[in-house]
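In: Have a look; sequence and predicted model below, questions after that.
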Amino acid sequence: MKNKFLTLLVLAVIAVGCKSKKAYSDNLRTKNVLSERSKSKSGHHKRSSGDKTGGSLPEDSGKFVRFKIETVSEYIDTFSEIAQQEMETYGIPASITLAQGLLESGYGKGELAMKTNNHFGIKCHTGWEGDYDFHDDDAKGECFRKYNHPMYSFRDHSLFLTTRNRYAFLFDYRVTDYKKWAHGLRKAGYATDKKYPQKLIYLIEKYQLYKYDKGGAKIAYEKSEIKNTETNAIHIVKKGDTLYSLSKRYYVSVDELMRMNNLRDSGLSVGQKLLVKTTSVN
């Protein structure tokens, strides 16, 4: 009886080992395929800035920037500017972009957003040649796009919607009609959740995100004054400056800017002096 038990135990261990080995091999094979695909396009993938009508972004520094967002309001303050810029360039309502970002990223605190700067849950899909990481979603270990800075995630979201035929009908809607856009995204298959439109609409109305859709005019960005010191620079805050826009300009995270200047929140005042790094000054 004892020998029979030992035999069954050995067989069970072998079976589990084979199953684990197969799962590892499948995952490794997926990584190798994506790696070869990336190498075939000279390694690190960089999307061209302003692929459609402008709205160019700073060139990718190649360094992963980790963002620390604590609240919904901080998320909105941080990313409302880039959402408006994408609206002006690609015609996607800023309210929709912000609501999707909030929902898909867990307002920047979700595991996927933290490790990939992917704020819209966009998976690798055929043809993706950029960086990537694996994350459990509808299935275990799915491939998701990875970005060195969240702004590239926002730009890729715009490109994702504007380069796929199934989303084309959305651009017949007015940019201020966030309800049609919300229902249209579900109809086009962006999400499998049947309540996806209601969730977007709830976020837009609760946090008044629709106010970022108004105006229609190009967003004005004023040039900022910079005074150099020996190792750092002093940035004098002008109207329209945000911590996020400054993080793009100086290639540092919002969290680092706040730490360097002992800031407790993301609010800025015109004329305020901020310490920034000279290595990225334009």
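Out: Okay, I see it.
In: ok, which stretches of the stretch 101-250 of the chain are strands?
Out: 132-135, 142-145, 225-228, 232-236 (DSSP state E, counting those that start in this stretch).
In: Output the contacting helices and strands for the second one.
Out: If contacts are counted by 3 or more Cβ pairs under 8 Å, 6 or more residues apart in numbering; DSSP states H and E, strand 142-145 sits against helix 111-116, strand 132-135. In this view, the C-beta of every residue, glycine as well, is placed from N, C-alpha and C.
In: Switch those over to TSV; also include mean pLDDT and mean neighbour count.
Out: Listed next are the helices and strands packed on strand 142-145 as TSV, based on pLDDT from 0 to 100; neighbours: other Cβ atoms under 10 Å:
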stretch	mean pLDDT	mean neighbour count
helix 111-116	91	18
strand 132-135	86	18
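In: mean pLDDT lowest for which of the strands of the stretch 101-250 of the chain?
Out: Lowest mean pLDDT of the strands of the stretch 101-250 of the chain: strand 225-228, a mean of 40.
In: Residue 82: which of the strands of the stretch 101-250 of the chain is closest?
Out: Using Cβ to Cβ as the measure, strand 142-145 is the one of the strands of the stretch 101-250 of the chain that comes nearest residue 82, at 16.8 Å.
In: Residue ranges in the stretch 101-250 of the chain under the pLDDT threshold?
Out: Along the stretch 101-250 of the chain, segments meeting pLDDT under 70 span 137-139, 215-232, 248-250.
In: the helices in it, which residues?
Out: For the stretch 101-250 of the chain, the helices defined by DSSP state H, counting those that start in this stretch cover 111-116, 150-162, 178-188, 196-206, 243-250.
In: List the buried residues in the second one.
Out: Same thing as helix 150-162. Neighbour counts using 16 or more other Cβ atoms under 10 Å place 150-159, 161-162 of helix 150-162 among the buried residues.
In: ok, residues contacting it?
Out: Residues from elsewhere that reach helix 150-162 (Cβ atoms under 8 Å, 6 or more residues apart in numbering): 47, 49, 51-52, 57-58, 60, 65, 67, 79, 82-83, 86, 89-92, 97, 100-101, 108, 113, 117-120, 122, 145, 147, 167, 170-171, 248.
In: Try it again at 6 Å.
Out: Contacts to helix 150-162, defined as Cβ atoms under 6 Å, 6 or more residues apart in numbering, come from residues 57, 67, 82, 86, 90, 92, 117-120, 122, 147, 167, 248.
In: mind putting the helices and strands packed on strand 142-145 in CSV, distance to residue 242 included?
Out: Output for those, formatted as CSV (distance: least, Cβ to Cβ, whole Å):
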stretch, distance to residue 242
helix 111-116, 19
strand 132-135, 28
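In: quick one: which of those is nearest residue 233?
Out: So among the helices and strands packed on strand 142-145, helix 111-116 is nearest, using Cβ to Cβ, at 29.1 Å.
In: neighbouring contacts of that closest one?
Out: 105, 118-119, 133, 135, 144, 146.
In: Apply 10 Å and report the result again.
Out: The contact list for helix 111-116 (Cβ atoms under 10 Å, 6 or more residues apart in numbering) reads 64, 66-69, 101, 104-108, 110, 118-122, 131-137, 142, 144-148, 150, 153.
In: that older thread, can you put the strands of the stretch 101-250 of the chain in CSV and add distance to residue 187?
Out: Conversion of the strands of the stretch 101-250 of the chain to CSV gives the following (distance: least, Cβ to Cβ, whole Å):
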stretch, distance to residue 187
strand 132-135, 26
strand 142-145, 23
strand 225-228, 47
strand 232-236, 45
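In: out of these, which comes closest to residue 192?
Out: Checking these against residue 192 by Cβ to Cβ gives strand 142-145 as the closest, at 13.3 Å.
In: rewinding a little: out of the helices of the stretch 101-250 of the chain, which gets nearest to residue 261?
Out: helix 243-250 (9.4 Å).
In: re earlier: by neighbour count, which of the contacts of helix 150-162 wins?
Out: residue 119 (30 neighbours; other Cβ atoms under 10 Å).
In: now, among the buried residues of helix 150-162, which is nearest to residue 237?
Out: Taking Cβ to Cβ as the measure, residue 237 lies nearest residue 151 of the buried residues of helix 150-162, at 19.7 Å.
In: could the helices of the stretch 101-250 of the chain go into TSV alongside distance to residue 269?
Out: TSV is the format used below for these (distance: least, Cβ to Cβ, whole Å):
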stretch	distance to residue 269
helix 111-116	29
helix 150-162	24
helix 178-188	31
helix 196-206	27
helix 243-250	12
